[in-house]
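Chemist: Okay, predicted coordinates and the sequence, questions at the end:
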Amino acid sequence: MDHSVLVVAVLMATVLLRLALVLGVTWLLVPRRRQCPGCGSEELSRVTSRPARLLHLERRWCLACGWEGVSKPTVPAPLDVPVPAGRLP
């Protein structure tokens, strides 16, 4: 194997690892929330594009202040959870 091919392979690997690291950190920085960071009111989910759905991201919009941004999808709280009757032990 020629040394120039080895050098190119090592440089390409470092570029790809750097890209993977940046994408991983960016993914961790995207918040998972349902409240607006500006005013704290409930946000609505907007129609997202196909690449955003593949990356598990959704566009959110605040009705109160007009803030718009990206967040990770959240699971809504179930409304029909039975409440236990009686006292807790």
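Modeler: That came through fine.
Chemist: Moving C-terminal from the helix or strand that contains residue 14, which element do we reach first?
Modeler: Of the helices and strands defined by DSSP states H and E, residue 14 is found in helix 3-29. Proceeding N to C from helix 3-29, the next assigned helix or strand is strand 43-45, under DSSP H and E.
Chemist: What pairs with that following strand, parallel or antiparallel?
Modeler: Partner strands and pairing direction for strand 43-45 (DSSP bridges) are strand 58-62 (antiparallel).
Chemist: Next, the buried residues of the strand it pairs with.
Modeler: Buried residues in strand 58-62, counted by 16 or more other Cβ atoms under 10 Å: 58-60, 62. Quick note: C-beta positions are derived from backbone N, CA and C, even for glycine.
Chemist: Turn these into CSV, including distance to residue 9 and pLDDT.
Modeler: Rendered in CSV, the data for these read as follows (distance: Cβ to Cβ, whole Å; pLDDT from 0 to 100):
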residue, distance to residue 9, pLDDT
58, 38, 85
59, 39, 85
60, 42, 87
62, 48, 88
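Chemist: And the residues you listed, which is closest to residue 41?
Modeler: residue 62 (6.1 Å; Cβ to Cβ).
Chemist: and the closest residue to residue 62 other than its chain neighbours, how far is that from residue 70?
Modeler: Setting aside the residues directly before and after it, residue 62 is nearest to residue 36 in space (Cβ to Cβ, 6 or more residues apart in numbering), at 3.8 Å. Distance, residue 36 to residue 70, by Cβ to Cβ, to the nearest Å: 13 Å.
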